[in-house]
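Q: Requesting a structural model of the entry that follows:
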Amino acid sequence: MATNLNDKILAALITIGTCLFLFIILKSTLLLAIILLALAVVMITFSERKGWMELAIKILEKNRAISALIFVLFILFLPFLAEGNNYTLHIMIMAGIFSIVALGLNFQIGGIGQINFATAAFYGIGAYTTAILSTKFGVSPWIGTLLALVSATLLGLIVGYPALKARGYYLSLVTMALQLMFTLLIVNIDWIGGPNGVPNIPSYEIFGYSLRSPLNLFGLQMPYQVNYLYLVYLLLALAIVFSSRIARSRIGIAWNAIDQDPVVASCQGVNLTSTQMLAFCLGAVFAGLAGGIYAHYTSFIGAENFDFSVSLIIICMVVLGGTDNVIGVVVGALFLTMLDEKLRDFANLRLLMYSLILIVILILRPKGLLPKRIRLYPKKGIPGLENNAKANSAVDRGGSH
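A: Below is the predicted model of the structure:
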């Protein structure tokens, strides 16, 4: 009983410490943020070598309800902690949006082991779909966002099937070409705004209340960003739950099997094409959803919001946090979004900075800050494996007589 209580207290302290660290980086200058992130990487590496990181992860997994509750309270009270600062809230909203996109990409990188350089294209398709529908045809932003999911999924189906015929470096080149094509198309098609983008995108409304209106909380008037903060993190919570459950399902097991050895997975009854397509399309759905939210939140979108550098940033988020680790991906997305926002004054160097970050991560922390833990699955976990196991058992019994 005492051990369980101690674990709960430790889980609460770890989560509170993480939230405070997050808030300090949120409020700090660029130089201080970089120093703090570097110290965090050093401490995590040291803790992992001492075995403390593994112990902390086990404690958090056993008491995930407490950790989740504390983080929810942190988000709920963030507007008061930030004293209604618009920019602080904006950074956290963008961090939540990018976390959703990164979770979708994690299905591909962490699930089936394929790198997709066109994530920003799917993100952009979602944004442009709902933006065009709401500005040119008067479609409700909520319906437009649902149609954004459909359009992103259709693009995933159209592009995914031929793209997944290639593997490794070839798939990376195919998705890279798709990303570059998407950027060129939206810049050169005047009907969708061309280089000028799409302005005056309407906000979401709930029973006539626009989410772009100030919010009164306990007698205090908060900026409209608070509305979007709560909306984005509600959707992020649902995305985390969905991602965690699918990772532990038969589909997640099949993805891991394909990542380890597609030939063996196929021999065990896994349909490689449909299983990989599912990962590709789910990633497109998450990106399309995030794109739709982004369009209605900012009220303006342009080609620069969905170019190749954005895809590279999202890949860095997944790799930094730890592929196939849901919480790790969210942590990576939160910290890199904050760093990205603080690098706005160095826009011309952003691509260089993220290329360097990716290189350093791959050299020093190839498994990410919070790498995935090795999971042992029952034989019945992979479709087809249970029957093969029974057949092998029968052969063994027959040979023993």
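
Q: surely Met92 meets Leu26?
A: Yes: counting by C-beta atoms under 8 Å, a contact exists between Met92 and Leu26, whose distance comes to 7.0 Å. Every residue, glycine included, has its C-beta placed from N, CA and C.

Q: The two: who's more crowded?
A: When Met92 is set against Leu26 and neighbours are counted by other C-beta atoms under 10 Å, the residue ahead is Met92, at 26 against 23.

Q: Assign the more buried one to helix, strand or coil.
A: Under DSSP: H, G, I helix; E, B strand; the rest coil, Met92 falls in the helix class.

Q: Contact partners for it?
A: Taking C-beta atoms under 8 Å, 6 or more residues apart in numbering, we find Met92 in contact with Leu26, Ile75, Leu78, Leu229.

Q: If I look at the last one, what pLDDT would I see?
A: The confidence metric pLDDT takes the value 95 at Leu229.

Q: And it, how far from Thr273?
A: From Leu229 over to Thr273 the distance is 40 Å, taken as C-beta to C-beta, to the nearest Å.

Q: between the two, which one's more packed in?
A: For Leu229 versus Thr273, neighbours defined as other C-beta under 10 Å are more numerous around Leu229 (24 against 12).

Q: Doesn't Val270 belong to a helix?
A: No: counting by three-state DSSP, Val270 is not part of a helix but coil.

Q: Identify the residue nearest it in space, chain neighbours excluded?
A: Nearest in space to Val270, with sequence neighbours left out and distances taken as C-beta to C-beta, 6 or more residues apart in numbering, is Ala254 at 4.8 Å.

Q: Next up, identify which helix or strand the one you found is on.
A: Here Ala254, judged by DSSP states H and E, is contained in helix 250-260.

Q: Which strands and helices lie in contact with that helix?
A: In this structure, helix 250-260 makes packing contacts with helix 262-267, helix 272-298, judged by 3 or more C-beta pairs under 8 Å, 6 or more residues apart in numbering; DSSP states H and E.

Q: buried sites along it?
A: Using 16 or more other C-beta atoms under 10 Å as the test for burial, helix 250-260 gives Ile251, Gly252, Ile253, Ala254, Trp255, Asn256, Ala257, Ile258, Asp259.

Q: ditto for stretch 262-279
A: Residues Pro262, Ala265, Ser266, Gln268, Val270, Leu272, Thr275, Gln276, Met277, Leu278, Ala279 are the ones in stretch 262-279 that count as buried (16+ other C-beta under 10 Å).

Q: which ones are touching the residue nearest the centre of the chain?
A: When the chain is reduced to its mean C-alpha position, the nearest residue by C-alpha atoms, centre = their mean turns out to be Ala102, at 2.1 Å. Contacts for Ala102 (C-beta under 8 Å, 6+ apart) come out as Ile314, Met317, Val318, Gly321, Val329, Val330, Gly332, Ala333.

Q: and of these, the nearest to Ala65?
A: Ala65 lies nearest to Val330 out of the contacts of Ala102, by C-beta to C-beta, at 16.9 Å.

Q: Hmm, Leu103 and the closest one touching each other?
A: Yes: with contact taken as C-beta under 8 Å, Val330 and Leu103 are classed as touching, separated by 7.1 Å.

Q: so what's in contact with those two at the same time?
A: Each of Ile240 lies in contact with both Val330 and Leu103 under the rule C-beta under 8 Å, 6+ apart.

Q: which residues are contacting stretch 293-301?
A: In this structure, residues lying in contact with stretch 293-301 by C-beta under 8 Å, 6+ apart are 93, 97, 100, 123-124, 126-128, 130-131, 134, 141, 144-145, 197-204, 211-212, 228, 231-232, 235, 305.

Q: Filter those residues down to the buried ones and hand me the PyMOL line.
A: Filtering the contacts of stretch 293-301 down to the buried ones (16+ other C-beta under 10 Å) takes a single PyMOL command:
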select buried, resi 93+97+100+123+124+126+127+128+130+131+134+141+144+145+197+198+201+202+203+204+211+212+228+231+232+235+305
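
Q: So what does Gly269 have for phi and psi?
A: Gly269 adopts backbone torsions of phi 100, psi 10, taken as degrees, to the nearest 10.

Q: That one and Met176: what is the separation?
A: Note on Gly269: its distance to Met176, by C-beta to C-beta, is 33 Å.

Q: the strands in the chain, which residues?
A: Residue ranges of the strands in the chain, as given by DSSP state E, are 205-206, 209-210, 215-217, 220-222.

Q: Give me every residue in contact with the first one, excluding its own residues.
A: When you say that, I think you mean strand 205-206. Judged by C-beta under 8 Å, 6+ apart, the contacts made with strand 205-206 from elsewhere in the structure are Pro141, Leu211.

Q: let's see it at 7 Å
A: Under the contact criterion C-beta atoms under 7 Å, 6 or more residues apart in numbering, strand 205-206 has no outside partners.

Q: where does it sit relative to the chain's centre, distance-wise?
A: The offset between the C-alpha centroid of strand 205-206 and the centroid of the whole chain comes to 26 Å, using C-alpha atoms, centre = their mean, to the nearest Å.

Q: Could you tell me which strands sit next to that strand in the sheet, and their orientation?
A: Each strand that strand 205-206 pairs with, and the sense of that pairing, follows from DSSP bridges: strand 209-210 (antiparallel).

Q: Residues contacting the strand it pairs with, please?
A: Residues lying outside strand 209-210 but in contact with it, judged by C-beta under 7 Å, 6+ apart, are Ser203.

Q: Could you do stretch 10-18 as well?
A: Judged by C-beta under 7 Å, 6+ apart, the contacts made with stretch 10-18 from elsewhere in the structure are Ala56, Ile59, Leu60, Asn63, Ile66, Ser67, Ile70, Phe71.
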